[in-house]
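*Asks:* Give me a 3D structure for the following:
(one chain, ligands or ions: 1)
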Amino acid sequence: MSTLELKNINKIYPNGFHAVHDFNLTIDRGEFIVFVGPSGCGKSTTLRMIAGLEEISSGDFLIDGKRVNELGPREREVAMVFQSYALYPQMTVFDNIAFGLTLQGVDDDVIEKRVMKTAKILGLTEYLDRLPRELSGGQRQRVAIGRSIIRKVGIFLMDEPLSNLDAKQRVTMRAEIAQIHRETGATTIYVTHDQTEAMTLADRIVVMKDGYVQQIGTPYELYFDPVNVFVAGFIGEPPMNFVRGQVENGGISFGASRVDLTPVLGEEREKWEGKKIIFGFRPEAVELGTRENSCRMDCRVELTEMLGDNSNVYVVAGEDRAILKIDPHDTPEIDQDITFSVPYERVYLFDAETEQVIRRR
Ligand code: ATP
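*Replies:* Model prediction:
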């Protein structure tokens with residue numbers, strides 16, 4: 001277990017592309033950190049700088065208080081699992097897992113003990129004699145993870161380790177990775193573009209976009225207190241609804257409805273009069289009908305999706321659209337005119353110019 005500090009880390013590739021800007025983060029011992037963001041936002045570059053596989057252009061990287069910018073991957077004592085895991089096809093599961101230790105010349109009986117322990121953690125005990133081609137994708141990925149955790153390093157780095165698995169295997173492996181983390185206690189950094197993986201695995205999530213950190217926080221903080229439109233829209237499925245508008249007489253329009261924002265803006269009301277804002281609400285924050293202490297909106301139903309535990313209802317009002325997540329028993333008909341309400345405390349407002357949040361919940 002190690003503490004990691006990244007101070008003003010930048011990456012400028014030799015072609016001049018500035019891929020990571022002033023990345024700052026302190027990671028506590030044993031923490032599970034997830035880097036999340038769309039393709040190309042700099043997640044893998046940051047992870048590779050931590051691993052020692054990519055040079056740090058500027059800034060300081062410290063492990064347990066010691067600057068390690070110049071150290072190679074081996075000396076940093078990190079283990080890494082990549083999205084494409086290359087197992088040795090002619091070697092058994094046992095030999096694949098043992099490979100790193102065999103190379104280091106570790107005694108056979110120690111290897112045997114460590115492989116058996118690792119296989120137990122990963123549920124691979126009964127597959128140790130098999131070849132990789134005799135395993136499922138999920139089992140192969142577990143062997144790849146086994147190869148890394150057997151090294152007993154303090155830092156475990158994973159770059160989209162589940163991306164080659166099907167949806168069901170991903171869910172199973174996700175739970176297993178959480179379990180492995182509990183058992184090994186290793187400080188872990190996990191890269192994904194999948195917000196569900198981030199939410200379910202992380203102690204803290206780092207949301208990145210275009211090489212910049214947008215927000216760092218617990219899954220709860222990111223979900224309930226997003227700092228900007230990007231984070232608000234990235235975390236949550238279906239995503240938060242956004243309605244753009246200009247504040248007039250303390251309200252904005254949603255189609256033909258006038259949404260009174262004075263109770264939400266409070267003392268800020270004067271300041272935002274005449275300004276462009278973004279009104280946000282999560283699909284699950286809505287209630288059908290007219291409610292007290294809520295913003296009320298009229299709309300027409302375009303499409304419904306019955307998902308069992310809830311229904312996604314796609315609605316339209318003039319140029320505005322939204323997705324409402326509601327009780328499946330209340331699913332309206334297509335083309336039906338409906339009214340819904342969003343409690344004031346579940347309304348988010350953002351400055352349309354800066355896209356930063358105006359009012360926190
Ligand atoms: P993905 O989810 O697609 O893997 P990512 O967030 O991990 O994306 P990176 O691989 O870190 O993104 O890449 C960040 C940016 O840096 C991208 O725009 C990429 O094109 C660029 N980049 C990556 N490697 C190099 C390189 N060797 N030279 C120049 N630019 C690079």
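*Asks:* Enumerate the residues of the chain near the ligand.
*Replies:* 13, 15, 17, 19, 37, 39-45, 193 (CB under 6 Å from any ligand atom). Using the backbone N, CA and C atoms, a C-beta is placed for each residue, glycine as well.
*Asks:* farthest-separated two in the residues you listed?
*Replies:* Comparing every pair within those by CB to CB identifies Asn15 and His193 as the most remote, at 23.4 Å.
*Asks:* of the two, who's got more company?
*Replies:* Neighbour comparison, Asn15 and His193: the larger count goes to His193, with 17 against 5 (by other CB atoms under 10 Å).
*Asks:* Identify the residues contacting that one.
*Replies:* His193 makes contact with Val36, Gly37, Pro38, Ser39, Lys43, Glu160 under the criterion CB atoms under 8 Å, 6 or more residues apart in numbering.
*Asks:* Doesn't the third one belong to a strand?
*Replies:* No: read with DSSP: H, G, I helix; E, B strand; the rest coil, Pro38 is coil and lies in no strand.
*Asks:* Run a quick neighbour tally on it.
*Replies:* 12.
*Asks:* Can you tell me the closest non-neighbouring residue to it?
*Replies:* Counting by CB to CB, 6 or more residues apart in numbering, the nearest residue to Pro38 once its immediate chain neighbours are dropped is His193, at 6.2 Å.
*Asks:* Please apply the same query to the second one.
*Replies:* In space, not counting the residues next to it along the chain, Gly37 is nearest to Met208; the distance is 3.7 Å by CB to CB, 6+ apart.
*Asks:* what do you get for the fourth one?
*Replies:* Setting aside the residues directly before and after it, Ser39 is nearest to His193 in space (CB to CB, 6+ apart), at 6.2 Å.
*Asks:* For the one you found, give me the pLDDT.
*Replies:* pLDDT recorded at His193 is 90.
*Asks:* swap in Ser84?
*Replies:* 64.
*Asks:* and if you look at Thr196?
*Replies:* 91.
*Asks:* Now do whichever strand or helix holds it: distance to the chain's middle.
*Replies:* Here Thr196, judged by DSSP states H and E, is contained in helix 195-201. Distance of helix 195-201 from its chain centroid, counting by CA atoms, centre = their mean, to the nearest Å, is 5 Å.
*Asks:* Could you identify the helix or strand that succeeds it?
*Replies:* Counting by DSSP H and E, the next helix or strand C-terminal to helix 195-201 is strand 204-209.
*Asks:* Against which helices or strands is the helix or strand that that following strand is followed by packed?
*Replies:* Sequence order places strand 212-217 as the next helix or strand after strand 204-209, per DSSP H and E. Under the contact criterion of 3 or more CB pairs under 8 Å, 6 or more residues apart in numbering; DSSP states H and E, strand 212-217 touches strand 18-27, strand 204-209, helix 229-234.
*Asks:* what sits up against the longest strand along the chain?
*Replies:* In the chain, with assignment by DSSP state E, the single longest strand is strand 294-306. The contact list for strand 294-306, computed with CB under 8 Å, 6+ apart, reads 254-257, 259-261, 264, 279, 281, 287, 290, 311-317, 320-322, 328, 331-344, 347.
*Asks:* among the residues you listed, which ones are buried?
*Replies:* 254-255, 257, 259, 261, 264, 279, 281, 287, 311-315, 317, 320-322, 331-332, 338, 340-342, 344, 347 (16 or more other CB atoms under 10 Å).
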